[in-house]
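**Student:** Got a sequence here, can you model it:
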Amino acid sequence: MNKIFAIMVFAGVPLSVIGALLHWPAVMMFVVYCFTIIALASYMGRATESLAIIAGPRIGGLLNATFGNAVELIISIFSLKAGLVEVVLASLTGSVLGNLLLVAGLSFFLGGLKFKRQKFNVYDARHNSGLLMFAVIVAFVIPEIFSLKMTGDKTFSLSIGIAVIMILLYLAALFFKLVTHRGVYHSTQESQEEHEEPEWKKGKAMVILALATIAVAYVSENLVHTFEVVADKFGWSELFIGVIIVAIVGNAAEHASAVLMSMKNKMDIAVEIAIGSTLQVAMFVAPILVLASMFFEHSMPLIFTLPELISMVTAVLLTIVIQNDGESNWFEGLTLIAAYFIMGIGFYLL
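**Tutor:** Numbering: from 1, shown residues only. Alright, predicted model coming up:
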């Protein structure tokens, strides 16, 4: 698989550059860009996996989520610049649904096929549950309700206030987990990772991570310019492109890494990637995009459509119920995947 991704990177990056310069057909380039980003994301995943072995599951999971979400953040900023606010909001929805239902679901399902009963840190699971409730149900639902009685300017002002609070709370949550309470809630798997050799040394992993991120930034900017043509060609709505296509491509690194970790029975890292990435999207990436939109022609308030909002709330509640016992199996994973496909069909038919 690594050889295939290597071929995709060394073929995809030059093709992306040449195709953009020669203005090749948008539909063909859309496919090239998507596969190139996925291949680059695999390198980002391998680099962060090496760093996870060196730094431990919590920091490793955080690094994986951060650099994985960097792809989506880059795509979203270019989309905002192009005025595609609906696509950005839809991609945020898709990230929440994808990480909670598809990534966690595949991790639980494929890991559960190999190991009948997998355990992860129950204290982290319960801590994350509270943050998920806040990030999605409080911070996303409140603007929706209050906006019904507000003008557009006041709604955006409310979104800015919420964005600042969410960023501060997210930073406080990191400080809590990595500084004041690091090691207080002991992980059962931390001792296992200490004896494993990373694929790449720290320096090499960081260089590959940086180069892959730069390449993704270039390819992502070109990908954004193909959305309108592809949507017209296949009859896709901007909502479907954002929720499904952009979210899957943008989160390819997390998808690959979390599933790989679960199949190695490293569920602490797998869960940290899936849930941690969701929290980072909701509490950091979304607020950053709201603040960044102040500098573009089209502002982006935190106002989602009703289907997006209900889908995210449902995904959060289902995830909390399934993961709060600190254990997983293949059937729980299948349940999450089924929920994702039900919502995917709904967004496709809208």
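
**Student:** what comes up buried for the longest helix along the chain?
**Tutor:** Using DSSP state H to assign secondary structure, the helix with the most residues in the chain is helix 26-55. By neighbour count, with 16 or more other CB atoms under 10 Å as the criterion, the buried positions of helix 26-55 are 26, 29-30, 32-55. All C-beta atoms are positioned from the backbone trio N, CA, C, and that covers glycine.

**Student:** next one: the helix or strand following it to chain centre, how far?
**Tutor:** The helix or strand immediately downstream of helix 26-55 is helix 57-81, counting by DSSP states H and E. Computed by CA atoms, centre = their mean, to the nearest Å, the chain-centroid distance of helix 57-81 equals 7 Å.

**Student:** what's the average pLDDT for the next helix or strand after helix 57-81?
**Tutor:** Past helix 57-81, heading to the C-terminal end, the next element that is a helix or strand (DSSP H and E) is helix 85-97. Averaged over helix 85-97, pLDDT sits at 88.

**Student:** going forward can the numbers begin at 52, since that is how I track them
**Tutor:** That works, and once the first residue is 52, the last one we named lands at helix 136-148.

**Student:** quick one: contacts of the one helix or strand Leu183 maps to?
**Tutor:** When secondary structure is defined using DSSP H and E, the element that contains Leu183 is helix 173-183. Residues outside helix 173-183 that contact it (CB atoms under 8 Å, 6 or more residues apart in numbering) are 109, 151, 224, 228, 236, 238, 319, 322-323, 326-327, 329-330, 333-334, 367, 370-371, 374-377.

**Student:** For Phe347, grab phi and psi.
**Tutor:** The phi/psi pair for Phe347 (degrees, to the nearest 10) reads phi -110, psi 170.

**Student:** OK, contacts around it?
**Tutor:** Residues counted as contacts of Phe347 (CB under 8 Å, 6+ apart) are Leu131, Lys132, Gly134.

**Student:** And it, how close does it get to Asp204?
**Tutor:** Using CB to CB, to the nearest Å, we find Phe347 at a distance of 16 Å from Asp204.

**Student:** just Tyr174 next, same as before
**Tutor:** 43 Å.

**Student:** Please identify which of the two sits among more neighbours.
**Tutor:** The residue with more neighbours, out of Tyr174 and Asp204, is Tyr174; 13 against 10, by other CB atoms under 10 Å.

**Student:** follow-up on the earlier one: buried by neighbour count: which residues of the helix holding Leu183 qualify?
**Tutor:** Using 16+ other CB under 10 Å as the burial criterion, the residues of helix 173-183 that qualify are Asp175, Ala176, His178, Asn179, Ser180, Leu182, Leu183.
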